[in-house]
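S.K.: What would the 3D arrangement of this be:
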Amino acid sequence: MAIAPTAEYQDLVMEVEFTAGSGTYTRVCGLTNITINRSKNMADSQVPDCADESLPHYIKRAAQSKDIGISATGVWALTHHQKVYNWWSQDLTLNVRVTNAKVTSDGVSGDTESEVIPMKLESLNNARQDKQVVSAEISLVQDGAVTLNTLSA
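M.R.: Okay, the predicted model is just below:
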């Protein structure tokens, strides 16, 4: 039996370019659970059967737009408190890089290694529970064109 190769927890990395145009990306300390959602907004067209228009129409679909959203949860680490808070309060669009490190180490030429996504911090939530550290929950939404970085030979 052959087991499928997989990426591990530490292989999926989300980093933020807090200084625009610097090329320096930083992991947000404390955010340990990250979900990346990629979706398409689709347009539907109904196309009749020309030989028998009484038949149900066929549906043809085309992508109108693509969208990426990221949600993350964890603890509210003071390391990035002000940078994350400024991102939200100043309505900044910052580049977020999502990397699959397993592709970087084990991939082949042409594989998508990372995505750089301009994103706004849509929501920033903190909570406290008795005898626990303050938690964090963020939601990011795409705000522009995505840049794909691929592995070269």
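
S.K.: How about Thr79, nearest residue that isn't a chain neighbour?
M.R.: Closest residue to Thr79 apart from its sequence neighbours, by Cβ to Cβ, 6 or more residues apart in numbering: Cys29 at 4.2 Å. C-beta here means a position set from N, CA and C on the backbone, and glycine is covered the same way.

S.K.: I figured the one you found hits Trp76, correct?
M.R.: No - taking contacts as Cβ atoms under 8 Å, Cys29 lies outside contact range of Trp76: 9.8 Å.

S.K.: which helices and strands does the helix or strand where His81 lies pack with?
M.R.: Counting by DSSP states H and E, the element that carries His81 is helix 81-89. On a contact count with 3 or more Cβ pairs under 8 Å, 6 or more residues apart in numbering; DSSP states H and E, helix 81-89 meets strand 112-127.

S.K.: Any buried residues in the strand it packs on, and which?
M.R.: Residues 113-121 are the ones in strand 112-127 that count as buried (16 or more other Cβ atoms under 10 Å).

S.K.: Find the nearest non-adjacent residue to Val13, please.
M.R.: Among residues not flanking Val13 along the chain, Thr99 sits closest, at 4.6 Å (Cβ to Cβ, 6+ apart).

S.K.: Number of residues surrounding the one you found?
M.R.: Per other Cβ atoms under 10 Å, the neighbour tally for Thr99 reads 19.

S.K.: do the same with the one 10 residues further on
M.R.: Neighbours of Ser109 under the rule other Cβ under 10 Å: 8.

S.K.: In three-state terms, label it for me.
M.R.: coil (DSSP: H, G, I helix; E, B strand; the rest coil).

S.K.: backbone phi and psi for it, please?
M.R.: In terms of degrees, to the nearest 10, the main-chain angles of Ser109 are phi -50, psi 130.
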